[in-house]
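Structure, please.
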Amino acid sequence: MGLFDKLAGWLGLKKKEVHVLCLGLDNSGKTTIINRLKPSSAQTQDIVPTIGFSIEKFKTSSLSFTVFDMSGQGRYRNLWEHYYKEGQAIIFVIDSSDRLRMVVAKEELDTLLSHADIIHKRIPILFFANKMDLRDALSSVKVSQLLCLENIKDKPWHICATDGLKGEGLQGGVDWLQGNLQAEEMW
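Model (predicted):
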């Protein structure tokens, strides 16, 4: 990055672009959440399951996010690792009402965290404990315990209780992610 680019960034004239991987099991709400983060004029009304991956963009006050919304279906999860090297942050979405598949979500998270392209990276991970609007949803504290998030010592992480359909809890998570990405960069 040249001096002019740095100066433009300091003055807020240019937004830094960051590449974010949005991961989680199928039906956890990844696409719904990413759709809610886009400007209302760019939001889609009909959400369909992601096959392979899709690329979405949204902006905050100082960052421009390019999000790789990865399919969470079992046959596509092995594709995730092809995007780890370029990822600068991870959004990991959990269906907090799906108690039966919480073990699968933990296994996928453990596989992610032990991957060669991730293990030595100080990459921020934002967890969205989604579907809090459902009666049988686990609290974000319980989801954190079941996923053993307290064992993540070498990466900044944060968990938010969310309702992707209504957009509740999303902004706090994105604010945390933006703060961590800017702190790592330290222009």
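
how far is stretch 125-132 from where the chain is centred?
Offset of stretch 125-132 from its chain centre (CA atoms, centre = their mean, to the nearest Å): 8 Å.

Keeping just the C-alphas, turn that stretch into CSV.
Presented in CSV, the C-alpha positions along stretch 125-132 are these (Å, rounded to 0.1, in the frame of the first residue of the first chain):
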residue,chain,number,x,y,z
ILE,A,125,-13.5,-15.2,14.5
LEU,A,126,-17.0,-13.9,15.0
PHE,A,127,-19.6,-16.5,16.2
PHE,A,128,-23.2,-15.8,15.6
ALA,A,129,-25.4,-18.0,17.8
ASN,A,130,-28.3,-17.7,15.4
LYS,A,131,-32.1,-18.4,15.6
MET,A,132,-32.5,-17.0,19.0
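
residues near the closest residue to residue 59 other than its chain neighbours, how many?
Counting by CB to CB, 6 or more residues apart in numbering, residue 15 is the residue found nearest to residue 59 once chain neighbours are left out, at 6.2 Å. Where you see a C-beta, it was placed from the backbone N, CA and C, and this is true even at glycine. As a burial measure, residue 15 scores 15 neighbours (other CB atoms under 10 Å).

what does the one 5 residues further on give?
The criterion is other CB under 10 Å. On that basis, residue 20 has 25 neighbouring residues.

Which elements pack onto the helix or strand harbouring it?
Assessed by DSSP states H and E, residue 20 sits inside strand 16-23. With contacts defined as 3 or more CB pairs under 8 Å, 6 or more residues apart in numbering; DSSP states H and E, strand 16-23 has these neighbours: helix 30-37, strand 63-70, strand 89-95, helix 170-185.

Can you tell me which of these is most buried?
strand 89-95 (a mean of 26; mean count of other CB atoms under 10 Å).

name the helices or strands packed onto that strand?
So strand 89-95, by 3+ CB pairs under 8 Å, 6+ apart, packs with strand 16-23, helix 30-37, helix 102-113, strand 125-130, helix 170-185.

Return the first one as CSV; C-alpha atoms alone will do.
Spelled out, it's strand 16-23. C-alpha atoms of strand 16-23 as CSV (Å, rounded to 0.1, in the frame of the first residue of the first chain):
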residue,chain,number,x,y,z
LYS,A,16,-10.0,-0.9,3.4
GLU,A,17,-11.3,-4.1,1.8
VAL,A,18,-11.3,-7.3,3.9
HIS,A,19,-12.1,-10.8,2.9
VAL,A,20,-14.3,-12.7,5.3
LEU,A,21,-15.3,-16.4,5.2
CYS,A,22,-18.8,-17.1,6.4
LEU,A,23,-18.9,-20.7,7.6
